[in-house]
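Participant: give me a 3D structure for the following:
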Amino acid sequence: MGSINNFQALMKRAKGFARAARYEIVITPPAGSELLQFAGLSGDISLLCDSVTMPGHDLQSAAIKYGTGIATNMVTGHGYEGVVTATFYLDLELDVKLFMDNWQELAVSTLRNTVSYYKDENGKHNYAGSMEIFQLGSAGAVKTTYALKAEGPRNSEITKTVTDVEKINISERTYGVRVKEVFPATIGEIQYSYATANEMAKLTVGFQYRKWETILNLAKESSGSNRLQRK
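Facilitator: Numbers count the residues shown, from 1 in each chain. Predicted structure coming up:
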């Protein structure tokens, strides 16, 4: 059974816990689309993101039975769980909502009621973009205490205790996923009420996607530790 000292050593080696309030998203609209006129807004959208869900992954299985043996659940495939749900603060001119509305227009025209092809003749996505979601570093610092030994008078040994403080960069990206073929499938309603005079308006958007993958160049190799090594 692990002791509190082992637990503290583990947290020190891992530089603390992942904080749910420390994250970053980067939304990239379809390449060559009309949304590029909002290129400057993409960075603002990341700052206005109040919450986001990092997508999951599941293995699909089926019960396989041979003869009179006990059935065994075997993996038959895999899928990417749910949608990416994000909530955004709204500015006075509702620029975020305008951005999402125009993105949906790339898929379905509300004027002509026509649906766009998923890809054009060149294989370029007509309305699917991408998204990156990052875990950022934890706030605080890690203290490391060690002893320095030197030769003193009459061949005696002098020991000096030194404490180093390692600063943790809270904006450092420690883990990330790249979500592929993303588009805003649902744009939520905006609730207005006189009783919420001091509250900021928010917009909830559900992003559909095809798959996601880990951004491997963010993985940190750790020699001599039990942390997961990326291949």
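
Participant: so what's the spatially most central residue of the chain up against?
Facilitator: With the centre of the chain defined as its mean C-alpha position, the nearest residue by C-alpha atoms, centre = their mean is residue 133, 2.7 Å away. If a contact means C-beta atoms under 8 Å, 6 or more residues apart in numbering, then residue 133 has 23-25, 52, 54, 84, 176-177, 179 as its contacts. Backbone N, C-alpha and C define where each C-beta goes, glycine included.

Participant: pull up the pairing partners for the helix or strand where it lies, direction included.
Facilitator: Counting by DSSP states H and E, the element that carries residue 133 is strand 129-136. Sheet pairing of strand 129-136 (DSSP bridges) gives strand 23-28 (antiparallel), strand 173-187 (antiparallel).

Participant: what's the average pLDDT for the longest one?
Facilitator: Meaning strand 173-187. Strand 173-187 shows a mean pLDDT of 94.

Participant: can you list contacts of the next helix or strand after it?
Facilitator: With elements assigned by DSSP H and E, the helix or strand that comes after strand 173-187 is strand 202-208. By C-beta under 8 Å, 6+ apart, the list of residues contacting strand 202-208 from outside reads 50, 83-90, 94, 96-97, 100, 131, 179, 182-188, 190.

Participant: type out the PyMOL command that picks the buried ones from these.
Facilitator: This is how PyMOL selects the buried members of the contacts of strand 202-208, with burial counted by 16 or more other C-beta atoms under 10 Å:
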select buried, resi 83+84+86+88+96+97+100+131+179+182+183+184+187
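
Participant: still on that earlier bit, nearest to residue 61, of the strands paired with strand 129-136?
Facilitator: Shortest separation from residue 61 across the strands paired with strand 129-136 is recorded for strand 173-187, at 23.6 Å, computed as C-beta to C-beta.

Participant: quick one: that closest one to strand 202-208, angle?
Facilitator: With axes from the mean of the first three to the mean of the last three C-alpha atoms, to 10 degrees defining the directions, strand 173-187 sits at 100 degrees from strand 202-208.

Participant: alpha carbons of strand 173-187, in PDB - could you do that?
Facilitator: Extracted in PDB, the C-alpha atoms of strand 173-187 (Å, rounded to 0.1, in the frame of the first residue of the first chain):
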ATOM      1  CA  ARG A 173       0.500  23.000 -22.900                       C
ATOM      2  CA  THR A 174       1.000  19.700 -21.100                       C
ATOM      3  CA  TYR A 175      -1.400  17.500 -23.200                       C
ATOM      4  CA  GLY A 176      -3.500  18.100 -26.300                       C
ATOM      5  CA  VAL A 177      -5.900  16.400 -28.700                       C
ATOM      6  CA  ARG A 178      -6.600  17.400 -32.300                       C
ATOM      7  CA  VAL A 179     -10.300  16.900 -33.200                       C
ATOM      8  CA  LYS A 180     -10.800  16.300 -36.900                       C
ATOM      9  CA  GLU A 181     -13.600  17.200 -39.300                       C
ATOM     10  CA  VAL A 182     -15.400  19.400 -36.900                       C
ATOM     11  CA  PHE A 183     -18.600  21.500 -37.500                       C
ATOM     12  CA  PRO A 184     -21.200  23.100 -35.200                       C
ATOM     13  CA  ALA A 185     -24.100  20.700 -35.400                       C
ATOM     14  CA  THR A 186     -26.200  22.500 -32.700                       C
ATOM     15  CA  ILE A 187     -26.200  26.100 -31.700                       C
END
